[in-house]
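In: Here you go, sequence then predicted model.
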Amino acid sequence: MFATDTTQHMATKKPRLLVILDSEIKEEFKTLCELENRSMSSQIAYMVKNFVAQSKREGKLSDRTNSKGAK
């Protein structure tokens, strides 16, 4: 799980997402995030935002679709 170091977390009202990974993948991801000077959380948010935008461009997801998937 990502949230292992609570000292760097800021309070937010944004929805949270729990991700469960193998230890090896988590450590490799952590290293890559450090190289990019991003927290793991901000990197995941960046990746998801880009994935959603790409899906919209490809017509897989309507621009009018809300966060719950309803049109």
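Out: Now that the structure is in, tell me what you want to look at. Residues are numbered from 1 along each chain as shown.
In: Now Leu61. Nearest residue, chain neighbours left out?
Out: Closest residue to Leu61 apart from its sequence neighbours, by CB to CB, 6 or more residues apart in numbering: Ser55 at 4.3 Å. Every C-beta, even on glycine, is put in place using the N, C-alpha and C of the backbone.
In: For that neighbour, pull up the helix or strand it's in.
Out: helix 40-57 (DSSP states H and E).
In: Now find how far off-centre that helix is within its chain.
Out: Remark: helix 40-57 is offset 7 Å from the chain centroid, using CA atoms, centre = their mean, to the nearest Å.
In: can you start the count at 730 instead of 1 from here on
Out: Renumbered: residue one is now 730, and that last one reads helix 769-786.
In: what comes up buried for it?
Out: 769-770, 772-773 (16 or more other CB atoms under 10 Å).
In: is it possible to export these to JSON lines including distance to Ser791?
Out: Converted to JSON lines, the buried residues of helix 769-786 look like this (distance: CB to CB, whole Å):
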{"residue": "Met769", "distance to Ser791": "30"}
{"residue": "Ser770", "distance to Ser791": "27"}
{"residue": "Gln772", "distance to Ser791": "26"}
{"residue": "Ile773", "distance to Ser791": "23"}
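In: Please identify which pair of these lies farthest apart.
Out: Ser770 and Gln772 (7.2 Å; CB to CB).
In: now the spatially most central residue of the chain, nearest residue through space, not along the chain?
Out: Central residue of the chain (CA atoms, centre = their mean): Ile773, 2.5 Å from the mean position. Computed as CB to CB, 6+ apart, the closest residue to Ile773 that is not its neighbour in sequence is Val748, at 6.9 Å.
In: Now do the contacts for Lys781.
Out: Just to correct that, residue 781 is Val rather than Lys. Counting by CB atoms under 8 Å, 6 or more residues apart in numbering, Val781 touches Leu790.
In: I'd like to know how far it sits from Leu790.
Out: Distance from Val781 to Leu790, counting by CB to CB, to the nearest Å: 7 Å.
In: same deal with Leu764?
Out: Leu764 sits 30 Å away from Leu790, going by CB to CB.
In: per-residue confidence at Val781?
Out: In this model, Val781 is scored at 96, pLDDT.
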